[in-house]
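> For reference, the sequence and a predicted model appear below.
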Amino acid sequence: MSYTAQDYKKGQPRWCPGCGDHFFLASLHKAMAEVGVAPHNMAVISGIGCSSRLPYYVNTYAMQTIHGRAASIATGAKVVNPDLCIWQVSGDGDGLAIGGNHFIHAMRRNIDLNMILLNNRIYGLTKGQYSPTSPRGFVSKSSPYGTVEDPFRPAELCFGARGKFFARSVATDAAETQAILKAAYEHKGAAVCEILQNCVIFNDGCHESVYTKEGRKKNAIYVRHGQKLVFGENDEYGIVQNGFGLKVVRLGEDGYTLRDVLIHDAHCEDDTLQLKLAMMSNEDGFPIALGVIRDVEAPTYDQAVHAQLAEVSAQKKYHNFTELLNTNDTWEVK
Amino acid sequence: MAEQLEVKELEQVVVRFSGDSGDGMQLAGNIFSTVSATVGNGISTFPDYPADIRAPQGSLTGVSGFQVHIGAGKVYTPGDLCDVLVTMNAAALKTQLKYSKPQATIIIDTDSFGPKDLEKAQFKTADYLGEMGIDPDRVIQCPLTTMVKECLKDSGMDNKAMLKCRNMFALGLVCWLFNRDLELVNNFLREKFAKKPAIAENNIKVVQAGFDYGHNTHSSVPATYRIESKSKVAGRYMDITGNKATAYGLIAAAEKAGLRLYLGSYPITPATDILHELSKHKSCGVITVQCEDEISGCASAVGASFAGALACTSTSGPGICLKSEAMNLAVIDELPLVIVDVQRGGPSTGLPTKSEQTDLLQALYGRNGESPMPVIAALSPTDCFDAAYEASKIALEHLTPVILLTDAFVANGSAAWKLPKMEELPAIQPHYVTPEMKGNYTPYFRDEETKVRYWAIPGQEGYTHILGGLEKDGKTGAISTDPENHDLMCRLRAEKVAKIPVPDLLVEGDADDADLLIVGFGSTYGHLHAAMDELRGKGNKIALAQFKYINPLPKNTAEVLMKYKKVVVAEQNLGQLAAYLRTKVDGFVPYQFNQVKGQPFVVSELVKAFKELIIKN
């Protein structure tokens, strides 16, 4: 049975016109149809925030839950029902502030969830407070004189928590968003997709440099496993290793040729260079990495739980309550 | 050879084993209670362990006790004060004497009463008995450590391993004192150490040595004792703690309902043993996740429930504070969920290892919004099984979270439990969607009579829907802020819980003509019952009504509470049940008996207080 995006659509989204959530939702519907799992075998689970309204607009099983807990709720659902394909949707506040603990532990356990992190670096639903991904000095309603704290960089958290999959896309970039969603689905384990999206009301222009196709040509690099890390309008730039770090070079200048350019390896267990790619920022003179940055196979929590159930069941001689009772020291009173 | 000692028959006896936390007092006590139960005695046990993980050896804070109450008939409590006190060191004597009767027999290991031991236990002189005002005639003074080492000198064990067997010598002595058949002890040890036969045999040797020591020296006792067994109910039994019984109740309920059991939990005293127990039984299909925090323990259980499991979370009061948010999600989502609160002393971290009933109002009301939730309180260690089973049944059949209140006292206490038969347990029928609803299902469509919605589990075609923390339209399931709808949904959720059928409140004792009705809830049942029995034995007219179902209340609650001239609500808090009942029963003005000491009630104190109420004008 094959599906179309229409099969996964429901309701009329209520986000602000121009919100990145609209773009992302359309890509998700298409990605869902592409992976082809029936709507009734999917669940979309979110927390609280603008982006967490998303489950209302999908025709699957769904829960919009409580602030920050979506990863926990999804963990419980997946571990008892591993056949369910779960999309867990959070924003930067939901996932990394109030839900930060659940986020890192879902990573560490490597439970098979497709974890979407819609990052607009602002609290939108509560009308404009700085979030844990807002840059230092960010002026908002709750930081009228600028924040005096550093932000989380989601990839760094993910890698620090032993994450095995990290991909990034821009909400307006439908093709790439669909591609990373599909890759996240195919990856068995906790798969984080950071979606850079604009908040037209409270943080307009927060990802401006890469929000348009033209912008991405200049300011982003699409990383592809097994391919050279080149970018620019005519692939005239490349990423090379420079001591312990990375460097952008113009091919044909300063003696650099395509041969010096790094080949992306998303499957490399050692995440050192993947992290360096994920950390690249325009402010530091690098392009922003888009695509699947890390994708390493590892045992998943849900599979391991069920494998252990089977293994212990094979060893033990009791398999129901009555047999369990009989494993105790008992005595007969006549 | 000494002359034959007199053997006296006793109705009941309380033995308290005490020593350092590492002295194995619980094992000695457990063996003694199990052996007694095996011959048909009633048993009830209670451990009293320190909050410190391992306080310094020989220190006052490191003493742990294990009390065993044995009776010819049914025993309701672990007993107030003990008849026999075993003290393995000076600190134990110092701290535990207060739990013994004035004429109790005291067994001491004189090897652990050296100058350093006495100093650690803050004795001022070498005459520790004199200092404590103990008559030496009632003390069995035994060089226990020396004798254990002597007994095991050829065993090849090192000093440390030999010292670990001291508890078995004490056990042997107690077995002699109560004329216990050592063969039963030996069988227990052989089973317990089935994989380490050498350890079993060494322990058996030490138990025998302790027994023989008593037999040969007659120690300083005038007689030994025997407790016959009366009022036996035939059947197969085991000794079970409340926490284990809770875990078993959940396993049985999941199996009966044909569902997978899921427990999301986070370690917390005194509830952790439920997580331990359930984690063992993977061969029964039980999934346990030790979560990153209490919040996740409950939130993951809500997810597991959504996905079609019998979902549970276990914790104590501080954990309930953290879980209340996710518990409330289950309220508005109307998903089945069992929340076990093994109460301990509060507020905050409070008294982690001690017992209280102070979470009652938190369980009933401790959430934002109109948040009705069934609350059940287990009456005894063995009742934890029934209560957990019934909590699961209510959760699944009425699609609601249910709080099961136990506490440190019933959770850690144990009693002989007649093994239930699966086929005799009541059926559990989760309130599933019906085939007719396929294609037009909305999640808040309800059974007209019970107001219970229908449960559709992901994976079922034709029932996709969304649940969530936002209020929904009762008909369409869409988000709704409509005032009339919200008002209706609040009322429907309340009505659904109010309509859950629960058994009538049972009145025990002089139900027809009591001068005083005792009212309690949950784990104080044994103590209140024992107090009632004692007062009735002295000719008083007195009755007991113990609440197990607290929300909803039994239908006859008002009738029972208003029937008697005097009613006293006795609880281990400052009056939470009394306050609750006063909101539910017009004109109900009870007397109150309240203690928040972290310790079980003392029957003699209850008797005194109730007697005063009976004679009061």
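Ah, there it is.

> Tell me where the stretch 1-150 of chain B has helices.
Defined through DSSP state H, counting those that start in this stretch, the helices belonging to the stretch 1-150 of chain B, from first to last, are B:25-38, B:90-96, B:115-120, B:128-132, B:144-151.

> Can you mark which positions in the first one are buried?
For helix B:25-38, the buried set under the neighbour-count rule, 16 or more other C-beta atoms under 10 Å in any protein chain shown, comprises B:25-38. Any C-beta I mention is one placed from the backbone N, CA and C, and that applies to glycine too.

> Run through who's touching that helix.
Helix B:25-38 is contacted from outside by A:329, A:331, B:15, B:17-19, B:43, B:45, B:47, B:49, B:64-68, B:70, B:86, B:88, B:167-168, B:170-171, B:174-175, B:178, B:180-181, B:184-185, B:188-189, B:227, B:237, B:239, B:414, B:416, using C-beta atoms under 8 Å, 6 or more residues apart in numbering or on different chains.

> okay, the helices of the stretch 1-150 of chain B in CSV with mean pLDDT next?
CSV is the format used below for the helices of the stretch 1-150 of chain B (pLDDT from 0 to 100):
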stretch, mean pLDDT
helix B:25-38, 91
helix B:90-96, 94
helix B:115-120, 93
helix B:128-132, 93
helix B:144-151, 94
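
> circling back to that earlier point, now, the contacts of helix B:25-38 that are in strands?
A:331, B:15, B:17-19, B:43, B:45, B:47, B:64-68, B:70, B:86, B:237, B:239, B:414, B:416 (DSSP state E).

> where do the helices sit along the stretch 201-334 of chain A?
With DSSP H, counting those that start in this stretch, the ranges of helices along the stretch 201-334 of chain A come out as A:208-211, A:213-219, A:272-279, A:301-315, A:321-325.

> which bits of the stretch 201-334 of chain A sit near chain B?
Proximity of the stretch 201-334 of chain A to chain B (C-beta under 8 Å from any C-beta of the partner chain) is limited to residues A:305, A:308-309, A:312-313, A:315-316, A:318-322, A:324-325, A:328-334.

> mind running it again at 10 Å?
Within the stretch 201-334 of chain A, the positions near chain B by C-beta under 10 Å from any C-beta of the partner chain are A:301-302, A:305-306, A:308-334.

> Just the buried residues of the contacts of helix B:25-38.
The neighbour-count test (16+ other C-beta under 10 Å) marks A:331, B:15, B:17-19, B:43, B:45, B:47, B:49, B:64-68, B:70, B:86, B:88, B:167-168, B:170-171, B:174-175, B:178, B:180, B:184-185, B:188-189, B:227, B:237, B:239, B:414, B:416 as buried among these.

> Helix, strand, or coil at the residue nearest the centre of chain B?
The central residue of chain B, meaning the one whose C-alpha is nearest the mean C-alpha position (C-alpha atoms, centre = their mean), is B:V410 at 1.3 Å. Three-state call for B:V410 (DSSP: H, G, I helix; E, B strand; the rest coil): helix.

> What residues does it make contact with?
B:V410 is in contact with B:46, B:241-243, B:245-246, B:270, B:342-343, B:355, B:377-384, B:387, B:522-526, B:600, counting by C-beta atoms under 10 Å, 6 or more residues apart in numbering or on different chains.

> And it, how far from B:L506?
The span separating B:V410 from B:L506 equals 18 Å under the rule C-beta to C-beta, to the nearest Å.

> just B:A558 next, same as before
Per C-beta to C-beta, B:A558 is found 15 Å from B:L506.

> between those two, which one's more packed in?
Between B:A558 and B:L506, B:A558 has the larger neighbour count (other C-beta atoms under 10 Å in any protein chain shown), namely 17 against 14.

> Could you find the closest non-adjacent residue to that one?
If you skip the residues right next to it in sequence, B:A558 has B:V585 as its closest partner in space, 4.6 Å away by C-beta to C-beta, 6 or more residues apart in numbering or on different chains.

> Same check on B:A252?
In space, not counting the residues next to it along the chain, B:A252 is nearest to A:F321; the distance is 4.7 Å by C-beta to C-beta, 6+ apart.

> Hmm, the one you found is touching B:S283, no?
No. Counting by C-beta atoms under 10 Å, no contact exists between A:F321 and B:S283, whose distance comes to 11.3 Å.

> Okay, and the residue in the stretch 51-200 of chain A that chain B sits nearest to sits in which element?
Distances between the stretch 51-200 of chain A and chain B by C-beta to the nearest C-beta are smallest at A:G76, namely 3.1 Å. Assignment of secondary structure by DSSP states H and E places A:G76 within helix A:70-80.
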